[in-house]
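1. Mind folding the following:
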Amino acid sequence: APVLKEITDFMFTNTAIKKIPDCLQNVTKVGQKAFYTCKELTEVTLTEIDTVGVGAFYQCAALKQVTLESTRYIDADAFRSCAALERLSLPKVEFIGNFAFNSCTKLESIDLPQALSIGNYTFAKCENIKEVSVPKVEWLGMECFEYCSSLKSFKSTTVKTIDPRCFADCSAMTEVDLPLLTNLSSYMFYRCYALTQVNLPNVKRVGNFVFHTNKALESISLPEVTFFGTNTFNGCANLREVNIPKADTLGFQMFSSCTNLSEISLPRVNYIDSKAFLKCSGLNTVKFGATGEIKFNGAEVFSEASYSTCDLYLNANGIEIQNVTGTSWKDYVWKSVTPYKMVTKGQFFCHHFHFLSLPTTSIQNHKKPPGLLKESTQIMWIDSHLGPFLLIYFSICFSFLFRSSFFLFADYTSNIQAPESKRRLYS
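-> Here you go, the predicted model:
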């Protein structure tokens, strides 16, 4: 008797089959829509299958458990809208196609130990998924987990590429850890209302609406990002701390309605799109570090923001300081406009110098003029190896010029000045 090697296209489509017969256990392929709308099929166990075809089990409404021990490829729509599906065992799957498990609303966990890529919309609308384990995945497709409203975290040390809207509307997600990711596609974490912990240390570009309406987000550090698209943090009402030291571009309405954002430092920003700080009513300190022109696209960058009660700091070495008239800059009237200097190593912003007392033991290994530095000397510096010439004034001696292995340390956030008798160092 001939041995059946394949379940062919449409073989059992829309039939009353309840279980795959034993005679089919050795087949290596399930064809296109082979079990499409088999509404009474409850379990699938196939030990030798290599490939599951397009829509093979699409809309098998009673299917609860799937075990595919040898399967490497699952094609598009394969288990789409299997609303009763609760358990998956896919130990060898490497590729999962578009919509493969879309709208499997009872599925609670995903474990794909060998998967390398997951297609577009694959697990979208799986509203009960709480846990995802994909230790080898490098690529996630567009809207892959969109509307997975029970998914609480996503961590991966292998994912390098994620397409737009992948985690959009994952309203329960609290944590994201993706150390290899270099680009945040548009809408990636759109309306992730519970998101509080974000680790994206190597991201360099951020698309549009990425963190839009992340209401629980209070702080974020994106140390390598240079470019931000539109509406990145729009509606992040509790955002208080933002670290973007390398950003040079802020997009349209980037911080719009971030009402709790009170202070922001922008060391390199030179272009700000319209309404970037729209309705930032809590803003009281803004620091710009660029030395070249800072371009505003339109006159509404700080529209409905609290710039009239905001202290503005501009780099004293920049050309913008020449455009300040009293407290007016860029057609806005600020509470104050203050020049400061920026120390490039470590990016410290200078306004008022403070002094600290260093015991002799903390500086004894460094070169110093004999007899000038005593135990109670008031001095401020941080270690560097640039070897600049510093002009140092002491209250008890004449001016002395010497080569140092230290850099002046300055605090740009404080308005407290040292007493006149202790002001000995100047930039």
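
2. Give me the pLDDT value at Ala410.
-> Ala410 is assigned 34 on the pLDDT scale.

3. what do you get for Asn323?
-> pLDDT, Asn323: 89.

4. Spatially, what comes nearest to it if we skip its sequence neighbours?
-> Excluding the flanking residues, the one nearest Asn323 by Cβ to Cβ, 6 or more residues apart in numbering is Trp329, at 6.3 Å. Quick note: C-beta positions are derived from backbone N, CA and C, even for glycine.

5. Just give me the neighbour total for that neighbour.
-> 19 (other Cβ atoms under 10 Å).

6. cool, Phe277 as well?
-> 27.

7. Run through the strands of the stretch 251-400 of the chain in chain order.
-> Per DSSP state E, counting those that start in this stretch, the stretch 251-400 of the chain carries strands over the ranges 263-266, 271-272, 285-288, 295-296, 311-315, 328-329, 332-333, 336-343, 348-350, 356-357, 378-379, 382-383, 389-392, 400-403.

8. Equivalent analysis for the stretch 101-250 of the chain, please.
-> 109-111, 117-118, 131-133, 139-140, 153-155, 161-162, 175-177, 183-184, 197-199, 205-206, 219-221, 227-228, 241-243, 249-250.

9. closest to Met342 out of those strands?
-> strand 241-243 (16.1 Å; Cβ to Cβ).

10. returning to what we had before: can you name the residues that contact the residue nearest to Asn323?
-> 312, 314, 320, 323, 337 (Cβ atoms under 8 Å, 6 or more residues apart in numbering).

11. And Ile49, by the same measure?
-> Counting by Cβ under 8 Å, 6+ apart, Ile49 has contacts 27-30, 68, 70-71.

12. Just the buried ones from those residues?
-> Neighbour-count burial (16 or more other Cβ atoms under 10 Å) is assigned, among the contacts of Ile49, to 27, 29-30, 68, 71.

13. Identify the spatial nearest neighbour of Lys246, chain neighbours not counted.
-> Once flanking residues are discounted, Lys246 sits nearest to Thr226: 5.3 Å by Cβ to Cβ, 6+ apart.

14. what's the spacing between the one you found and Ala62?
-> 52 Å (Cβ to Cβ, to the nearest Å).

15. Could I get the pLDDT score of Ser185?
-> At Ser185, pLDDT is 98.

16. please renumber so the chain begins at 31
-> Right, with 31 as the first residue, what we last looked at is Ser215.

17. So it sits against Asn238, correct?
-> No: counting by Cβ atoms under 8 Å, Ser215 does not reach Asn238; the two are 9.1 Å apart.

18. residues contacting the one residue sitting closest to the centre of the chain?
-> Taking Cα atoms, centre = their mean, the centroid of the chain lies closest to Leu230, which sits 4.8 Å from it. Counting by Cβ under 8 Å, 6+ apart, Leu230 touches 206, 208-209, 211, 214, 252.

19. could you flag which of the residues you listed are buried?
-> 206, 208, 211, 214, 252.

20. Residue ranges in the stretch 131-280 of the chain under the pLDDT threshold?
-> For the stretch 131-280 of the chain, no stretch has pLDDT under 70.

21. For the stretch 331-457 of the chain, give me the ranges with low pLDDT.
-> In the stretch 331-457 of the chain, residues with pLDDT under 70: 373-457.

22. phi, psi of the residue lying closest to Gly237 once chain neighbours are set aside?
-> Leaving out its chain neighbours, the residue that sits closest to Gly237 by Cβ to Cβ, 6+ apart is Ser216, at 3.7 Å. Geometry field for Ser216 lists phi and psi as phi -60, psi 140, criterion degrees, to the nearest 10.

23. OK, contacts around Ile324?
-> 299-302, 318, 348, 350, 360.

24. ok, it to Glu168 distance?
-> 39 Å.

25. what's the answer for Asn268, then?
-> With Cβ to Cβ as the criterion, Asn268 and Glu168 are 33 Å apart.

26. Identify the residues contacting the closest residue to Pro369 other than its chain neighbours.
-> With sequence-adjacent residues excluded and distances taken as Cβ to Cβ, 6+ apart, Pro369 is closest to Ala346, at 3.7 Å. Ala346 makes contact with 369-371, according to Cβ under 8 Å, 6+ apart.

27. any idea how far Ala346 lies from Ala277?
-> For Ala346, the distance to Ala277 - Cβ to Cβ - is 21 Å.

28. How many residues are close by Phe326?
-> 16.

29. same deal with Phe125?
-> With other Cβ under 10 Å as criterion, Phe125 counts 17.

30. is it true that it touches Tyr103?
-> Yes: with contacts counted by Cβ under 8 Å, Phe125 reaches Tyr103, the gap being 5.1 Å.

31. So the residue nearest to Lys276 sits against Lys234, correct?
-> Yes: between Thr256 and Lys234 there is a contact at 6.0 Å, judged by Cβ under 8 Å.

32. so what's Phe40 up against?
-> 61-64, 66.

33. quick one: it from Ile159, how far?
-> Taken as Cβ to Cβ, the span from Phe40 to Ile159 is 30 Å.

34. thinking again about what came up before, could you measure the residue nearest to Asn353 against Lys59, distance?
-> Taking Cβ to Cβ, one finds Trp359 at 69 Å from Lys59.

35. now swap in Ser249 and tell me
-> Applying Cβ to Cβ to Ser249 and Lys59 gives a distance of 51 Å.

36. next one: Gly127
-> On the measure of Cβ to Cβ, Gly127 and Lys59 end up 15 Å apart.

37. give me the number of residues near Glu99?
-> 13.

38. That one reaches Ser119, doesn't it?
-> Yes: here Glu99 lies in contact with Ser119, judged by Cβ under 8 Å, at a distance of 7.4 Å.

39. quick one: average pLDDT of stretch 111-127?
-> 97.

40. Mind listing what's buried along that stretch?
-> Those would be 111-112, 115, 118, 120, 123-127, for stretch 111-127 by 16+ other Cβ under 10 Å.

41. what's the nearest residue to Ser186 if we skip its chain neighbours?
-> Ser186 sits nearest to Leu208 (Cβ to Cβ, 6+ apart), 5.9 Å away.

42. pretty sure that neighbour is touching Thr188, no?
-> No: in this structure Leu208 lies outside contact range of Thr188 using Cβ under 8 Å: 9.5 Å.

43. Would you check how far apart Ser183 and Thr262 are?
-> Taken as Cβ to Cβ, the span from Ser183 to Thr262 is 21 Å.

44. more crowded one of these two?
-> Shown here are Ser183 and Thr262; by other Cβ under 10 Å, Thr262 has more neighbours (28 against 16).

45. correct me, but the more buried one touches Thr243?
-> No: under the criterion of Cβ under 8 Å, Thr262 is not in contact with Thr243, lying 11.3 Å apart.
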